[in-house]
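Engineer: got a predicted structure plus its sequence, pasted below:
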Amino acid sequence: MNIREIEYITIPISNQEVSRRFYHEVFDLPMITLPNGDMGADLRKMFLDFKVVDQVTPISFGLIAKDSMADIKAHLINYFVTIVDEPTEKTENRRNVNSITILDPDKNRIEVNEFR
């Protein structure tokens with residue numbers, strides 16, 4: 001077997017409208033209806049599948065942004081997004097990355113990365 005990409009990530013949410021607004025407004029992601037009927041976000045090669053559940057058990061995942069970290073942080077502050085870890089520089093898989101960690105409305109932990 002030769003796996004090359006992730007097709008989708010299922011994100012547990014409590015309120016579809018709140019999550020749709022957050023991911024669309026904060027990350028400027030187009031919203032779509034997935035074949036299973038769930039609302040989702042289109043990331044070109046993959047999808048975020050928003051699954052409404054009775055009790056959210058938060059998950060963690062990472063996103064890659066093309067903006068500078070200064071612009072990313074300013075944007076997040078403008079949208080009153082909860083920042084749990086300030087920008088930090090590190091090396092991942094032989095690449096330099098600057099990352100900031102935030103929470104969505106359901107406390108899902110999102111690392112936003114700027115690769116250099």
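Structural biologist: Okay, I see it. Residues are numbered from 1 along each chain as shown.

Engineer: same question for the longest helix along the chain: list its buried residues.
Structural biologist: Counting by DSSP state H, the longest helix found in the chain is helix 16-27. Using 16 or more other Cβ atoms under 10 Å as the test for burial, helix 16-27 gives 19-20, 22-23, 26-27. C-beta here means a position set from N, CA and C on the backbone, and glycine is covered the same way.

Engineer: nearest to Phe115 among those?
Structural biologist: Distances from Phe115 to those, taken as Cβ to Cβ, are shortest for Phe27 (16.6 Å).

Engineer: partners of the lowest-mean-pLDDT helix or strand in the chain in the sheet?
Structural biologist: Counting by mean pLDDT, DSSP states H and E, the chain has its least confident helix or strand at strand 82-92, which shows a mean of 90. For strand 82-92, the paired strands and their directions (DSSP bridges) read strand 95-103 (antiparallel).

Engineer: the strand it pairs with vs helix 16-27, what angle?
Structural biologist: What separates the directions of strand 95-103 and helix 16-27 is an angle of 140 degrees, with axes from the mean of the first three to the mean of the last three Cα atoms, to 10 degrees.

Engineer: buried ones in the next helix or strand after strand 95-103?
Structural biologist: The element immediately downstream of strand 95-103 (helix or strand, assigned by DSSP states H and E) is strand 109-115. Within strand 109-115, the residues that qualify as buried by neighbour count (16+ other Cβ under 10 Å) are 110-114.

Engineer: one step back: C-alpha coordinates for the longest helix of the chain, CSV please?
Structural biologist: Listed next in CSV are the C-alpha coordinates belonging to helix 16-27 (Å, rounded to 0.1, in the frame of the first residue of the first chain):
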residue,chain,number,x,y,z
GLN,A,16,-22.8,23.6,12.8
GLU,A,17,-23.5,27.3,12.2
VAL,A,18,-21.0,28.5,14.7
SER,A,19,-18.3,26.2,13.3
ARG,A,20,-19.1,27.1,9.7
ARG,A,21,-18.8,30.8,10.5
PHE,A,22,-15.5,30.3,12.4
TYR,A,23,-13.8,28.2,9.7
HIS,A,24,-15.1,30.4,6.9
GLU,A,25,-14.4,33.8,8.4
VAL,A,26,-11.1,33.0,10.3
PHE,A,27,-9.5,30.8,7.7
